[in-house]
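Undergrad: Have a look at this prediction, sequence included:
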There are 2 protein chains.
Amino acid sequence: MQAEIIAIGTELLLGQTIDTNSAWIGERLAELGVTLRRKTVVADIPDDVRAALNSVLPETRWVLITGGLGPTKDDLTKSVLNEYFGGTLAFHPDVYAHIEAMFARMGRVPGPLNRGQAELPNVCEPLVNSKGTAPGMMFHRDGVRFVSMPGVPYEMKHLMEVHVLPRMRAESDAHIAHRFFMVQGIPESELAARIGDWESTLSKGLSLAYLPSPGIVKLRLTARTESADEAERLLEPATEGLRSVLGSDIFSEDWKTIEEVVGERLAAAGQTVATAESCTGGSIAALLTRVPGSSRYMLGGIVAYANEIKVRTLGVNEADLLMHGAVSESVVRAMARGARKRFGADWGVASSGVAGPDGGSAEKPVGTVWLAVSGPGIEWAARFQMGDHRERTVRKSVLEVLNRLRGFLPEEPVKY
Amino acid sequence: MQAEIIAIGTELLLGQTIDTNSAWIGERLAELGVTLRRKTVVADIPDDVRAALNSVLPETRWVLITGGLGPTKDDLTKSVLNEYFGGTLAFHPDVYAHIEAMFARMGRVPGPLNRGQAELPNVCEPLVNSKGTAPGMMFHRDGVRFVSMPGVPYEMKHLMEVHVLPRMRAESDAHIAHRFFMVQGIPESELAARIGDWESTLSKGLSLAYLPSPGIVKLRLTARTESADEAERLLEPATEGLRSVLGSDIFSEDWKTIEEVVGERLAAAGQTVATAESCTGGSIAALLTRVPGSSRYMLGGIVAYANEIKVRTLGVNEADLLMHGAVSESVVRAMARGARKRFGADWGVASSGVAGPDGGSAEKPVGTVWLAVSGPGIEWAARFQMGDHRERTVRKSVLEVLNRLRGFLPEEPVKY
């Protein structure tokens, strides 16, 4: 089943609003196995909306239209759709009663513009919008459904969840199931090479997608079959196969982030962590504390940007600093140990590197980062080359050191 | 002058990637007075890319194509464009030398797929991409420029800034000039009320746009006139007017961020800063150190997530903690002083709050945040209610406390 989005809004084209609606719709449709074939963003101009309606692809069954509703937009979408489907506007007392009730909740009374919102094309099925004053509208033509929804994200989501997704689900003939595998620190091309053999043995009905973001690749394994049972029957051995190739390089089999997995493992083990950061400047601590409830296991951290702070607060040896420089194995190891000791934590993680753009040398070019983990009976340190993009270097370093920490933590029983 | 975007990427339709490229392009084009008339997002399917090329509007002069380049996408966009413009692929030794150099920097050697990236249609003008391995391409037909760029945001931005925007600027017939005013911590509706009188007196030819993001509103004042002189003549008094209404609530009159302005002022004054963070968990330090060269003024920080760390490392009074709790005026003031003292910095900034979702109480509900600044002869602290969204609470707190610090720092002479 194929769908398209038409997003209406000059503000989307001016870059004033980032269209997160479409990403949300795209994810929901992918989960249902509905193919989102195209998305068109047009300005608040009737001709442009008409042009988009006229160029709907022949195989499309659902056209999801967002925006262009509401009194300040002159109900542009409504009037274009009314004309397009050859209808006339009719006043709906029940819709108006709902608008009045919405206003009453705010202690206000609707104005004449809001009265107009209760006038709907007689050729549409009104979709009750309990989150706002602009109702949704559904039009039918030649087996194609055109759904008009407000652009306000929570109103759109509400209409999709109540009126649209259930109908799509009922009509969909495909059984779709997914498995997700999250991997850190392995470039997409290297990962593709590592799992190439496994991928080439995937049964018909299974497909694999690479969803990369800086430092992380999410693998999505999708089964598209005739029954839910068959989907499971395909996914099970494929999942086992991928696990045996990638092993503990898979840090999560759902949408959990590294910091969430680290947090779960620390909490389960009753252990604590502290950070000592130079080039990452507080970002390791910030990521760890992004997780609600992280105060159970995150004691604190030190951002030791200046060298004398490394000596004074983390107990780094001054001679080491002089001999090897701040970006060195001995210093980063001492920082991890120092964080552990100073905070009385079970684990210490540390970073020291040249984030750039300045400060590089022939021996330690921009992007050189030393990372370390210190814990019970364990000490690890390694040098990385993270490239010449300051923010990415920080991001990749944070993910790398937390993923290393994850590898040292006792694994919880894997749930199947 | 009219432009369109064609964004290629199944991942954009599946909702796994939010297309921030288009918003960035939209903003840049708006600044140049170029009308972005439409944006089409299509999957990695040659037919769909062709369909999008075929439906370019007659008035369009620039078609900006993002994505579908790179070895893992089989250079889909390249082959479709090559065929569309009737070209043949030719190997470019200079492009390949650049790819080799990019790999060499990472200590790696290009594979055969990367060699293919140096093959370009003989009917295009290659656009050097010094940020990545996939070159941009520019095609001409009947006065329309088709520009193909990688989907990776910083590569796309680089190609736009170096190759595309300067040409658009040179060709544009409108005289467009802008002034930007950045404001922090004032909600859009409140700001609109404060500057309403000023806005109603704006001359014809001037327009104002609100560009809000969490915690920050950018105001863009645009003059669209027949000559550059006239634009200045309109902008000058309007700018003066806005300055007299908003005063030092304007933290920047260009695209500088708060952390950049703070950094400049600290560097100019030869002063230093240190942080003591609880609810912001390292994000204040991370934002300060995001600025290249911040090691000149940022000494370091302490993330004191656990209460005993606040006592042990920051010298917070244990009795205060017991009596008032960690989220209190006396504790946050002590943290700011403690950071200053411990790091020997001129300025200390501190945060302590309930980021949520748990930990709230009737007296201190989720979103309650105390912030403090301590400096030479100055101490400031205040309580805020940042709402019930954990990440936004952190973000808004970081911006708020740094903006307060900015207010205390000696202002550099304003450049006109």
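TA: Happy to help now that I have it. Numbering: from 1, shown residues only, chains lettered A, B, ... in the order given.
Undergrad: ok, residue A:2 - how many residues close by?
TA: With neighbours defined by other Cβ atoms under 10 Å in any protein chain shown, the count for residue A:2 comes to 15. The way it works is simple: take the backbone N, C-alpha and C, and place the C-beta from them, glycine included.
Undergrad: Could you look up the SS state of the residue nearest the centre of chain A?
TA: Nearest to the mean C-alpha position of chain A, by Cα atoms, centre = their mean, lies residue A:255 at 8.7 Å. Secondary structure state of residue A:255, per DSSP: H, G, I helix; E, B strand; the rest coil, is coil.
Undergrad: Surely it is in contact with residue A:181?
TA: No. Contact criterion Cβ atoms under 8 Å: residue A:255 and residue A:181 do not qualify, at 10.9 Å.
Undergrad: Need the overlap of contacts for those two.
TA: Residues within reach of residue A:255 and of residue A:181 at once, by Cβ atoms under 8 Å, 6 or more residues apart in numbering or on different chains: there are none.
Undergrad: For the residue nearest to the centre of chain A, which non-adjacent residue is closest in space?
TA: residue A:180 (6.4 Å; Cβ to Cβ, 6 or more residues apart in numbering or on different chains).
Undergrad: Which residues does the one you found form beta bridges with?
TA: residue A:220 (DSSP bridges).
Undergrad: Might you report the residue contacts of it?
TA: Applying Cβ under 8 Å, 6+ apart, the residues near residue A:180 are A:218, A:219, A:220, A:221, A:252, A:253, A:254, A:255.
Undergrad: Kindly report the same for residue A:267.
TA: Counted by Cβ under 8 Å, 6+ apart, residue A:267 has contacts A:293, A:296, A:297.
Undergrad: hmm, 6 Å instead?
TA: Shown in contact with residue A:267 (Cβ atoms under 6 Å, 6 or more residues apart in numbering or on different chains): A:296, A:297.
Undergrad: Okay, it and chain B: tell me how far apart.
TA: To chain B, residue A:267 is 14 Å away according to Cβ to the nearest Cβ, to the nearest Å.
Undergrad: Identify each buried residue in the host helix or strand of that residue, please.
TA: Residue A:267 belongs to helix A:258-269 when assigned by DSSP states H and E. Going by neighbour count (16 or more other Cβ atoms under 10 Å in any protein chain shown), the buried part of helix A:258-269 is A:258, A:259, A:260, A:261, A:262, A:263, A:264, A:265, A:266, A:267.
Undergrad: any idea which helix or strand comes after it?
TA: strand A:273-277.
Undergrad: how about that following strand, does it reach chain B?
TA: No. Against chain B, strand A:273-277 shows no contacts by Cβ under 6 Å from any Cβ of the partner chain, the least distance being 7.0 Å.
Undergrad: Quick one: mean pLDDT for that strand?
TA: For strand A:273-277, mean pLDDT is 98.
Undergrad: same deal with stretch A:14-29?
TA: Here the average pLDDT along stretch A:14-29 is 86.
Undergrad: what do you get for stretch A:82-90?
TA: pLDDT averaged over stretch A:82-90 gives 95.
Undergrad: for stretch A:99-107, same thing?
TA: Stretch A:99-107 comes out at a mean pLDDT of 82.
Undergrad: Do a quick rundown of the helices in the stretch 201-350 of chain A.
TA: A:228-246, A:258-269, A:283-288, A:307-314, A:318-324, A:329-343 (DSSP state H, counting those that start in this stretch).
Undergrad: coming back round to it: export the buried residues of helix A:258-269 to CSV and tack on distance to residue B:280 and pLDDT?
TA: Formatted as CSV, those follow (distance: Cβ to Cβ, whole Å; pLDDT from 0 to 100):
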residue, distance to residue B:280, pLDDT
A:258, 20, 96
A:259, 16, 97
A:260, 19, 96
A:261, 23, 96
A:262, 19, 97
A:263, 18, 97
A:264, 23, 95
A:265, 24, 96
A:266, 21, 96
A:267, 22, 95
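Undergrad: right, and out of those, which lies closest to residue B:11?
TA: Closest approach between those and residue B:11, by Cβ to Cβ: residue A:258, at 20.9 Å.
Undergrad: Contacts only, for that closest one.
TA: A:251, A:399, A:402, A:403.
Undergrad: Likewise for residue A:298?
TA: A:273, A:288, A:289, B:305.
Undergrad: again, only using 8 Å
TA: Counting by Cβ under 8 Å, 6+ apart, residue A:298 has contacts A:263, A:272, A:273, A:274, A:285, A:288, A:289, B:281, B:305, B:306.
Undergrad: what's the answer for residue A:44, then?
TA: A:8, A:9, A:10, A:68, A:73, A:76.
Undergrad: So what does the first one have for phi and psi?
TA: Just to be clear, that refers to residue A:8. Main-chain torsions, residue A:8, degrees, to the nearest 10: phi -110, psi 130.
Undergrad: Would you confirm that it contacts residue A:42?
TA: Yes. Using Cβ under 8 Å, residue A:8 makes contact with residue A:42 at a distance of 5.8 Å.
Undergrad: so can I have JSON lines of the contacts of residue A:298 showing distance to residue B:392?
TA: Formatted as JSON lines, the contacts of residue A:298 follow (distance: Cβ to Cβ, whole Å):
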{"residue": "A:263", "distance to residue B:392": "20"}
{"residue": "A:272", "distance to residue B:392": "27"}
{"residue": "A:273", "distance to residue B:392": "25"}
{"residue": "A:274", "distance to residue B:392": "26"}
{"residue": "A:285", "distance to residue B:392": "19"}
{"residue": "A:288", "distance to residue B:392": "19"}
{"residue": "A:289", "distance to residue B:392": "15"}
{"residue": "B:281", "distance to residue B:392": "14"}
{"residue": "B:305", "distance to residue B:392": "19"}
{"residue": "B:306", "distance to residue B:392": "24"}
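Undergrad: By neighbour count, which of those wins?
TA: residue A:285 (34 neighbours).
Undergrad: Torsion angles phi and psi at the closest residue to that one other than its chain neighbours?
TA: Nearest non-adjacent residue to residue A:285, counting by Cβ to Cβ, 6+ apart: residue B:282, 3.1 Å away. With angles defined as degrees, to the nearest 10, residue B:282 sits at phi 110, psi -10.
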